[in-house]
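S.K.: Next input, structure requested:
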Amino acid sequence: MASLDLDVLVRVVVIVVVTTAVVVDSSGLPLPGYDGLAVGFYKEKCPQAEDLVLAEMREIVHEDRTLAPALLRFMFHDCFVRGCDASIMLISRNGTGERDALPSYSLRGYEQIEKIKAKLEEECPMTVSCADIIVMAARDAVFLSKGPRYDVETGRRDGKASFQCDADNDLPPPKSNIVDLKIYLSVKDLGWKDLVVLSGSHTIGMAQCGTFADDRLYNYSGKGMQDPSLNKMYAPELRKACEAGDPNDPTPVEMDPGSPYTFDLSYYRAVYNNKGLFLSDQALLDDKRTRDYVARMAAAESPDEYFTDYAEAMKNMGRLEVLTGENGEIRRVCSAYVD
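M.R.: Numbers count the residues shown, from 1 in each chain. From the prediction side, this is the model:
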């Protein structure tokens, strides 16, 4: 997830995070959750919704395993900008939507979300929101990468606006330092633990050289040097993959060396050993609480604690600025035109 735009500071979102667990009662009916959300929201209107999403995700990931981390990242990009409202899916004819922002240029998953939506429209027309599909797909991306399959709250509705400037301002750049990272998350009413736990999403997936090589390998702090915190044995491997001087270099590099498609604790072991790919990964060692968590997960024999923490952090992120009830809309097609 680094330098801070002042606009971020004035766009404070007040969110009350409710920590009471939400469950489905013995009758099978959903119990109320946060701000109109509930686990099992579609129990009566579209009882097969979550099973259909998982089935589609199995096909998607089987055909291209790189889409699991891509669809996990997709939820982050949606929820951090205007909340979890599928505004990332909207298309601007004028090129001024979230899709058009620099942080979104390598984002993948639009077609896959639309594919899942089409399947749900066949079974339950105009019932399941695109916003909920994005959240369910992210959960199943984690599960299909050997991570936990946690309960998700559903009941979101889709937003009707999408602005490039919001994505430019609200998404933490990969060169963020720890102070900036905590500010970006506090604006969303997320805390240090959400930061360090959600950063663990980088245990799966690839990153393009252009997103980190300049800051980590060739021009740290604008000084024309390598980041002194980068592991000295790891740096030569990265230099082989990434050439200097190309901010748009699309060469893919594993974010979690050695296990880029397995959701495990190896990300924390990498960061603890100064092998974090982004400055924002390595920045987790610059705060006592996040550093202690990294150290504990790096030494853990079982991922159980992390999996529990991850489910909680994803729930917190999934509650950001949600539209429920009569707010927003349910779209038949997720990739609608916004202007």
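
S.K.: which ones are touching residue 261?
M.R.: Contacts for residue 261 (Cβ atoms under 8 Å, 6 or more residues apart in numbering) come out as 65-66, 68-69, 145, 204. Backbone N, C-alpha and C define where each C-beta goes, glycine included.

S.K.: Can you pull the phi/psi pair for it?
M.R.: Note on residue 261: its backbone torsions stand at phi -120, psi 20 [degrees, to the nearest 10].

S.K.: Likewise for residue 288?
M.R.: Per degrees, to the nearest 10, the backbone of residue 288 is at phi -60, psi -40.

S.K.: now the contacts of residue 261: which count as buried?
M.R.: The neighbour count (16 or more other Cβ atoms under 10 Å) marks 68-69, 145, 204 as buried among the contacts of residue 261.

S.K.: Tabulate those residues in JSON lines, adding columns for secondary structure and pLDDT.
M.R.: Compiled in JSON lines, these are given as follows (DSSP: H, G, I helix; E, B strand; the rest coil; pLDDT from 0 to 100):
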{"residue": "68", "secondary structure": "helix", "pLDDT": "99"}
{"residue": "69", "secondary structure": "helix", "pLDDT": "98"}
{"residue": "145", "secondary structure": "coil", "pLDDT": "98"}
{"residue": "204", "secondary structure": "coil", "pLDDT": "98"}
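
S.K.: These into TSV, with extra columns for distance to residue 279?
M.R.: Below are those laid out as TSV (distance: Cβ to Cβ, whole Å):
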residue	distance to residue 279
68	25
69	19
145	25
204	20
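
S.K.: which of the residues you listed lies closest to residue 167?
M.R.: The nearest member of the buried ones among the contacts of residue 261 to residue 167, counting by Cβ to Cβ, is residue 69 at 19.2 Å.

S.K.: my guess is the closest one meets residue 207, correct?
M.R.: No - contact criterion Cβ atoms under 8 Å: residue 69 and residue 207 do not qualify, at 9.8 Å.

S.K.: hey, what's in contact with both of the two?
M.R.: residue 255.

S.K.: where along the stretch 101-250 of the chain do the strands fall?
M.R.: With DSSP state E, counting those that start in this stretch, the ranges of strands along the stretch 101-250 of the chain come out as 153-154, 206-208.

S.K.: After the lowest-mean-pLDDT helix or strand in the chain, which helix or strand is next? Please name it.
M.R.: Every helix and strand in the chain was compared by mean pLDDT, DSSP states H and E; the lowest is helix 6-10, with a mean of 36. Once helix 6-10 ends, the next helix or strand along the chain (criterion: DSSP states H and E) is strand 38-39.

S.K.: Can you tell me which helices and strands the next helix-or-strand element following that next one packs against?
M.R.: Going down the chain from strand 38-39, the next helix or strand is helix 49-63, by DSSP H and E. Secondary-structure packing of helix 49-63 (3 or more Cβ pairs under 8 Å, 6 or more residues apart in numbering; DSSP states H and E): helix 67-79, helix 110-123, helix 130-143.

S.K.: Out of those, which gets nearest to residue 284?
M.R.: helix 67-79 (16.3 Å).

S.K.: Just the residues contacting the closest one, thanks.
M.R.: Applying Cβ under 8 Å, 6+ apart, the contact partners of helix 67-79 are 57, 60-61, 84-89, 98, 103-104, 107-109, 112-113, 131, 134-135, 137-138, 141-142, 144-145, 167, 171, 198, 201, 204-206, 255, 260-261, 317-318, 320.

S.K.: mind saving the C-alpha coords of stretch 172-179 as CSV?
M.R.: Taking C-alpha atoms only, stretch 172-179 is exported to CSV below (Å, rounded to 0.1, in the frame of the first residue of the first chain):
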residue,chain,number,x,y,z
PRO,A,172,-1.9,4.3,-0.9
PRO,A,173,1.0,4.2,-3.3
PRO,A,174,3.4,1.3,-3.0
LYS,A,175,6.2,3.7,-2.0
SER,A,176,4.3,4.7,1.2
ASN,A,177,6.1,5.0,4.5
ILE,A,178,4.6,3.8,7.7
VAL,A,179,3.3,7.2,8.8
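
S.K.: list the buried ones in that stretch?
M.R.: Neighbour-count burial for stretch 172-179 [16+ other Cβ under 10 Å]: 172-178.

S.K.: Over to stretch 243-261?
M.R.: For stretch 243-261, using 16+ other Cβ under 10 Å, the buried residues are 249, 253-257, 259-261.

S.K.: end-to-end on that stretch?
M.R.: 25 Å (Cα to Cα, to the nearest Å).
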